[in-house]
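K.L.:
Return a 3D structure for these sequence lines:
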Amino acid sequence: MITPVITHHGLLSCLGNLQQTWQGLLDRRTGLTPLDHAEISTWVGKIDLQAPLGSAQRVHHLIEAGLQDLPREQLDPTCHLIVATTKGAIDDLNKQNPELQSWQIAAYLKEYLGLQGEATTVSAACSSGTIGLIQASQKICTGEAASVLVVGIDILSLFVLSGFGQLLALSETGCTPFDRDRTGLSLGEGLGYMLVCHPDLAKKQQITPAAHLTGWGVSGDAGHITAPCRKGSGLIRVFAAATDAGRKKVGGINGHGTGTVYNDAMEITAMNSFFTSPPPFHSVKGGIGHCLGAAGVMEACLCIPSLKEGIIPATPGLQSPDSRTTMVTGEREQPLHHPSILSCNSGFGGINAGILLERTSL
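P.N.:
Below you'll find the model as predicted:
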């Protein structure tokens, strides 16, 4: 059985690059700031990109800044590319010949990076990034590719902000995931990348993997266009698939943790239902916001230092944990119960996805 490995990874969030974001989470800092807009009152995870919200220029600037640490010279030209995104430069859609829309970013990145392999797009709402990593792992396991670069990217846009505003899902003061007094989510923007490889390729290139991708699962609630299943049925199926029905140990969980009433309640229900003794879990969205299609890749990147240091960071914004759980991280980090992290995301349409990342050599 082939076990895909992660050889390179990085991100850019409102807290900075991977190391800066990780340290910010350890310090329980937040990068969320008030949005300067007359009609929308909320806090966002905004990166200083010097370009209008929702614009192709903003996408371009994010690509340049977010991929500056990617060692392009180490990429195999035949490397496949998967881009996980939701809306792209959606605020430019009414312009003549709009650029860098969600369906155009993969082709742009393929040329930008000089790759020759297949380039595809995953747009599965907020589960896009995690599903992109799953698709990359499947390509490795089937022999379709020896390496796959997965890039998760989304920018802040007035279109998306207005949409969540109409759903009354935005927090006016910054999201507080898993808090009993949570009032809504805070949108963010960012880019994350992961190079998923066949272990033989990593060995040939004399690269020590950062982590092994040992399990995954995808499911659909098929119940509501925006609300998750109250019983967490879809997420429970993801837990079962990713852990081989509980036979693989889970040391900690990176939850979707948006800070909305229904999402967080669903996750807590799913964890309490599946795990006899739930491992420590947290959400990073109180620190960097909900980065939509990029969230799954960015959060998987943050699992790597978590595995390396053997801890789950605190949940920024959390003050009074929901009474139905005692394992959520609060004012301090907690040790992993095992050198593995289950990273999960859930999205509109009832889409759920999760991957199991392990530190140990196999």
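K.L.:
And Gln319, how far from Thr42?
P.N.:
19 Å (C-beta to C-beta, to the nearest Å). Every residue, glycine included, has its C-beta placed from N, CA and C.
K.L.:
Which of the two has more residues huddled nearby?
P.N.:
Thr42 (23 against 12; other C-beta atoms under 10 Å).
K.L.:
and the more buried one, what does it touch?
P.N.:
34-35, 161, 165, 170-172, 184, 186-187 (C-beta atoms under 8 Å, 6 or more residues apart in numbering).
K.L.:
Which SSE is immediately downstream of the strand or helix carrying Lys308?
P.N.:
Using DSSP states H and E, Lys308 sits within helix 295-309. Sequence order places strand 311-312 as the next helix or strand after helix 295-309, per DSSP H and E.
K.L.:
so how many other residues sit close to Cys229?
P.N.:
As a measure of burial, Cys229 has 22 neighbours, counting by other C-beta under 10 Å.
K.L.:
neighbours around the closest residue to it other than its chain neighbours, how many?
P.N.:
Leaving aside its sequence neighbours, Cys229 sits nearest to Asp221 (C-beta to C-beta, 6 or more residues apart in numbering; 4.1 Å). Neighbour count of Asp221, defined by other C-beta under 10 Å: 21.
K.L.:
which residues touch Asp221?
P.N.:
Contacts of Asp221 (C-beta under 8 Å, 6+ apart): 228-229, 233-234, 350-352.
K.L.:
Out of the residues you listed, which is nearest to Ala125?
P.N.:
Ile351 (5.5 Å; C-beta to C-beta).
K.L.:
List the contacts of that closest one.
P.N.:
Applying C-beta under 8 Å, 6+ apart, the residues contacting Ile351 are 124-127, 131, 218-221, 234.
K.L.:
That one pairs with what?
P.N.:
Gly220, Gly347 (DSSP bridges).
K.L.:
gap between it and Ala295?
P.N.:
12 Å.
K.L.:
do the same with His8
P.N.:
19 Å.
K.L.:
Among those two, which residue is more densely surrounded?
P.N.:
The neighbour count for His8 versus Ala295, taken as other C-beta under 10 Å, is higher for Ala295 (31 against 19).
K.L.:
hey, where'd the strands end up in the stretch 151-300 of the chain?
P.N.:
Listed in chain order, the strands of the stretch 151-300 of the chain (DSSP state E, counting those that start in this stretch) span 190-197, 211-220, 252-254, 281-282.
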